[in-house]
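1. whatever this is, show me its structure:
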Amino acid sequence: MTERDQPLRVGMLAGEASGDILGAGLVAELQSRFPSVQVEGIAGPRMQALGAKSLFPMERLSVMGLVEPLKRLPELLRIRRSLRDHFLNNPPDIFVGIDSPDFNLSLEQSLREAGIPTVHYVSPSVWAWRRGRIKKIARAVDHMLTLLPFEADFYREHRVPVTFVGHPLADEIPLQPDVRAARAELGYAPEDRVIALLPGSRGGEVRLLGPLFLQAASWCRQRRPELKFVLPAANEARYSELEGMLEKYPDLHVQLLQGRSHTALAAADNVLIASGTATLETMLLKKPMVVAYKMAGLSYAIFSRMLKTAWVALPNLLAQRELVPEILQDQATPENLGAALLQYFDDPLLYDQLQREFSDLHQQLRRNASSRAADAVCALLTRGEGGVRETTEREA
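-> Predicted coordinates:
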């Protein structure tokens with residue numbers, strides 16, 4: 001693409017590590033098309049390594065849960081006002097908000113009302129719950145970029161311009177994972193039978209699911225003494241918590257890891273996993289899984305009433321049918337989880353069929369996401385909203 005008369009100026013905001021990864025891929029693609037592009041906003045280390053200027057530390061936006069954002073609300077509002085004023089006084093050619101919808105959408109709406117084109121990269125789970133948010137999204141966003149195909153279908157139904165770009169993890173993970181190398185790295189033999197346990201990354205998840213997953217592993221090993229287990233901890237705090245839980249299971253043969261979830265998943269035969277984004281990585285690594293989740297009773301009662309989908313696991317949402325078991329709340333007992341895990345060992349045809357299904361889904365998501373995201377940004381710059389919508393509908 002030829003260089004513009006003036007350097008392209010892009011506002012871009014990533015609020016956490018996953019957004020920084022997506023942003024870095026997009027920045028690199030834009031640099032290949034506009035070598036003098038200038039990117040500023042909020043950037044993590046990957047984006048900054050490519051030259052993006054961060055006006056505030058990304059860590060200040062990386063808050064999760066319900067209580068912590070409320071504690072930090074005055075600071076978050078101050079940062080957002082400062083960014084809004086900065087971009088209104090120094091308008092970029094386009095603004096890209098990456099995930100962090102509670103922060104980004106309000107900022108995008110202010111900028112769009114001032115005539116600055118806006119793109120939102122990564123759809124909120126508006127298709128699953130709080131569907132009324134689609135009205136705010138339509139006011140705030142000139143173009144939505146989704147990682148998953150069914151998300152794009154939802155936006156088309158609501159006449160919001162959208163492009164399904166695919167998922168960067170699908171581009172990154174090979175179609176045939178190197179199981180032998182992963183097993184060698186963790187000290188497992190090719191013939192070992194290994195189950196990976198992933199009870200989540202947040203403290204509340206691990207406190208609820210960690211003991212349950214270990215009980216399920218114990219139930220399985222009583223019936224299959226040859227089984228081995230690998231348990232990757234998301235961070236040091238989770239490692240300490242899980243280490244304490246494992247003291248009750250000295251004979252369980254669990255290898256506790258600091259991080260290295262990708263290696264643990266690649267080495268496993270099948271996986272017991274908390275519902276969440278890690279189920280996508282598990283699917284891309286072609287690992288049969290049992291998806292489980294528990295939360296406080298009142299929270300589950302509220303959440304289940306708000307949920308508008310038949311499934312919670314990403315593989316099932318992608319396939320629009322139950323590929324893998326979802327065992328939730330009161331049904332999530334050691335016996336139910338253990339029986340579902342052992343079924344994969346007892347039914348080789350089921351195991352093979354699931355791996356074929358996962359390979360097909362991997363191909364659907366392997367779309368060179370960063371390049372397609374840059375295509376949509378460039379189309380909005382050069383042809384306007386109508387041109388982007390026309391391209392999207394042809395590709396769909």
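2. strands of the stretch 101-250 of the chain, start to end?
-> For the stretch 101-250 of the chain, the strands defined by DSSP state E, counting those that start in this stretch cover 118-121, 143-146, 162-164, 194-198, 228-233.
3. so which of these comes closest to Val312?
-> Of all the strands of the stretch 101-250 of the chain, strand 194-198 sits nearest to Val312, with 15.1 Å by C-beta to C-beta. From N, CA and C alone the C-beta is placed, and that goes for glycine too.
4. for that closest one, report the contacting residues that lie outside it.
-> 183, 188, 213-214, 217, 220, 227-232, 254, 261, 264-265, 267-274, 278, 282, 287, 341 (C-beta atoms under 8 Å, 6 or more residues apart in numbering).
5. just the ones in helices from the residues you listed, please.
-> Mapping the contacts of strand 194-198 onto helices (DSSP state H) picks out Arg183, Phe213, Leu214, Ala217, Cys220, Ser261, Ala264, Leu265, Ala267, Ala278, Thr282, Leu341.
6. ok, the spatially closest residue to Leu242 that is not a sequence neighbour - contacts?
-> Distances taken as C-beta to C-beta, 6 or more residues apart in numbering put Ala233 closest to Leu242, at 5.3 Å, once the chain neighbours are dropped. Going by C-beta under 8 Å, 6+ apart, Ala233 touches Tyr239, Glu241, Leu242, Leu256, Leu257, Gln258, Gly259.
7. quick check, pLDDT for the second one.
-> This points to Glu241. If you check Glu241, the pLDDT there is 95.
8. one more: the fifth one?
-> At Leu257, the predicted lDDT confidence score is 97.
9. show me the contacts for the closest residue to it other than its chain neighbours.
-> Of all residues not flanking Leu257 in the chain, Pro232 sits nearest, at 4.4 Å (C-beta to C-beta, 6+ apart). By C-beta under 8 Å, 6+ apart, the contact set of Pro232 is Ala196, Leu198, Leu257, Gln258, Gly259, Arg260, Ser261, Thr263, Ala264.
10. for Arg60, give its distance to Val141.
-> For Arg60, the distance to Val141 equals 24 Å [C-beta to C-beta, to the nearest Å].
11. re the thing from before, relative to Gly115, which of the contacts of Ala233 is nearest.
-> Gly259 (44.5 Å).
12. of Arg60 and Val141, give the one with the bigger neighbour count.
-> Val141 (25 against 14; other C-beta atoms under 10 Å).
13. now the spatially closest residue to Ala28 that is not a sequence neighbour: how far from Leu8?
-> In space, and not counting its chain neighbours, Ala28 is closest to Leu50: 6.1 Å by C-beta to C-beta, 6+ apart. Using C-beta to C-beta, Leu50 is found at 14 Å from Leu8.
14. who has more neighbours, those two?
-> Leu8 (22 against 17).
15. how close does the more buried one sit to Ala376?
-> Taking C-beta to C-beta, one finds Leu8 at 15 Å from Ala376.
16. what do you get for Asn89?
-> 27 Å.
17. buried residues, the helix or strand hosting Leu88. List them.
-> Here Leu88, judged by DSSP states H and E, is contained in helix 73-89. Buried residues in helix 73-89, counting neighbours by 16 or more other C-beta atoms under 10 Å, are found at Leu76, Ile79, Arg80, Leu83, Arg84, Phe87.
18. quick check: mean pLDDT across it?
-> 93.
19. can you name the next helix or strand after that helix?
-> Assigned by DSSP H and E, the successor of helix 73-89 is strand 94-98.
20. contacts only, for the nearest residue to Glu322 once chain neighbours are set aside.
-> Nearest-residue entry for Glu322: Asn316, 5.3 Å, with adjacent residues in sequence omitted and distances by C-beta to C-beta, 6+ apart. Counting by C-beta under 8 Å, 6+ apart, Asn316 touches Glu322, Leu323, Val324, Glu326.
21. same question, Ala237
-> Gly203.
22. let me know the pLDDT of it.
-> So Ala237 comes in at 87 (pLDDT).
23. buried ones in stretch 177-197, by neighbour count?
-> In stretch 177-197, counting by 16+ other C-beta under 10 Å, buried: Pro177, Val179, Ala182, Arg183, Leu186, Tyr188, Val194, Ile195, Ala196, Leu197.
24. and the one helix or strand Leu354 maps to, how far out from the chain middle?
-> Using DSSP H and E, Leu354 sits within helix 348-365. Distance of helix 348-365 from its chain centroid, counting by C-alpha atoms, centre = their mean, to the nearest Å, is 20 Å.
25. try stretch 358-373
-> So, by C-alpha atoms, centre = their mean, the centroid of stretch 358-373 is 14 Å from its chain's centroid.
26. before we move on, back to that, got the CA coordinates for the helix holding Leu88 in PDB?
-> The C-alpha trace of helix 73-89 is given here as PDB (Å, rounded to 0.1, in the frame of the first residue of the first chain):
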ATOM      1  CA  LEU A  73     -13.600   3.800  39.500                       C
ATOM      2  CA  PRO A  74     -12.400   7.400  40.100                       C
ATOM      3  CA  GLU A  75      -9.000   6.700  38.600                       C
ATOM      4  CA  LEU A  76     -10.500   4.800  35.600                       C
ATOM      5  CA  LEU A  77     -12.900   7.700  34.900                       C
ATOM      6  CA  ARG A  78     -10.100  10.200  35.200                       C
ATOM      7  CA  ILE A  79      -8.000   8.200  32.700                       C
ATOM      8  CA  ARG A  80     -10.900   7.900  30.300                       C
ATOM      9  CA  ARG A  81     -11.600  11.600  30.400                       C
ATOM     10  CA  SER A  82      -8.000  12.400  29.800                       C
ATOM     11  CA  LEU A  83      -7.800  10.100  26.800                       C
ATOM     12  CA  ARG A  84     -11.100  11.500  25.400                       C
ATOM     13  CA  ASP A  85      -9.800  15.100  25.700                       C
ATOM     14  CA  HIS A  86      -6.500  14.200  24.200                       C
ATOM     15  CA  PHE A  87      -8.000  12.500  21.100                       C
ATOM     16  CA  LEU A  88     -10.600  15.200  20.700                       C
ATOM     17  CA  ASN A  89      -7.900  17.900  20.700                       C
END
